[in-house]
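J.: Pasting the sequence and the predicted coordinates here, then a few questions.
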Amino acid sequence: MNGLIRKPWGREYCAYRNEQVAIWVLHITKGERTSLHAHPSKNTALIVLRGTVELEFIRGRHRVMTGLDKINIFRGRFHRTRAVTDAVLLEVEAPGDKGDIVRLDDDYGRTALPLETAVEPIDADCLHISGHETFAGCSMLISMPHTGFDLHRCDGVIVVTLRGGLRDGLLPPGDAVDAVSFVRMASKFSPLPDSQFLRIWKSE
């Protein structure tokens, strides 16, 4: 699906894809929420770029997330995202299979319906991650493991594995972690050859 997909809660589109992950941008309108859904076969990381959301799980537990908060949601875990304010998020899928979804509950009657596939053209304001980007008040930079990871500049930075990861199976593709933790782990468990990472930090 290469285009803008309208949802009853807002819109989404794919901003990056390789053979191991896909990164989607979600714009969720204030007061709206996604379905209570799970992904049977993929892991997902959610990163809030702008605004405030409330993440809900199947037993009703809630977690409030705001700018550059992140969470890794493992396969099979039901979750739903409600926008407390207008919000922009990154959804990192590993593997990148948008059709890997089951809905348990939905405010818009889509529980038994197929996933929306109608697309509109991407507009000039949409994010395309290819190098160093600025979007929704954040900067993003694709890095090789040996560049740019200075422990003294890690506060408030999120790292997403795009390809490879760290030795011994740590931080596989799609995982999101704060940069301080990344640097500490990478000093002991070296990055795999040809690994690639996305760094995200506030630019406003």
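T.: In hand now; what should we look at? Numbering: from 1, shown residues only.
J.: Output the lowest mean pLDDT helix or strand found in the protein.
T.: Sorting the helices and strands of the chain by mean pLDDT, DSSP states H and E puts helix 179-188 at the bottom, at a mean of 89.
J.: Just after that one, pick out the following helix or strand.
T.: Using DSSP states H and E, the helix or strand that follows helix 179-188 in sequence is strand 196-202.
J.: Can you pull the poorly scored residue ranges out of this protein?
T.: 1, 145-153, 204 (pLDDT under 70).
J.: run the last query once more with 80
T.: 1-2, 145-154, 204 (pLDDT under 80).
J.: Pull out the buried positions in the least confident helix or strand of the chain.
T.: For helix 179-188, burial by neighbour count (16 or more other C-beta atoms under 10 Å) applies to Ala179, Phe182, Val183, Met185, Ala186. For glycine as for every other residue, the C-beta is placed from the backbone atoms N, C-alpha and C.
J.: Contact partners for the residue positioned nearest the centre of the chain?
T.: The centre of the chain sits closest to Glu91, judged by C-alpha atoms, centre = their mean, with a distance of 2.6 Å. Going by C-beta atoms under 8 Å, 6 or more residues apart in numbering, Glu91 touches Glu12, Ile23, Trp24, Val25, Leu26, Thr44, Ala45, Leu46.
J.: what's the most distant pair in the residues you listed?
T.: Taking C-beta to C-beta as the measure, those span a maximum distance of 15.1 Å, between Glu12 and Ala45.
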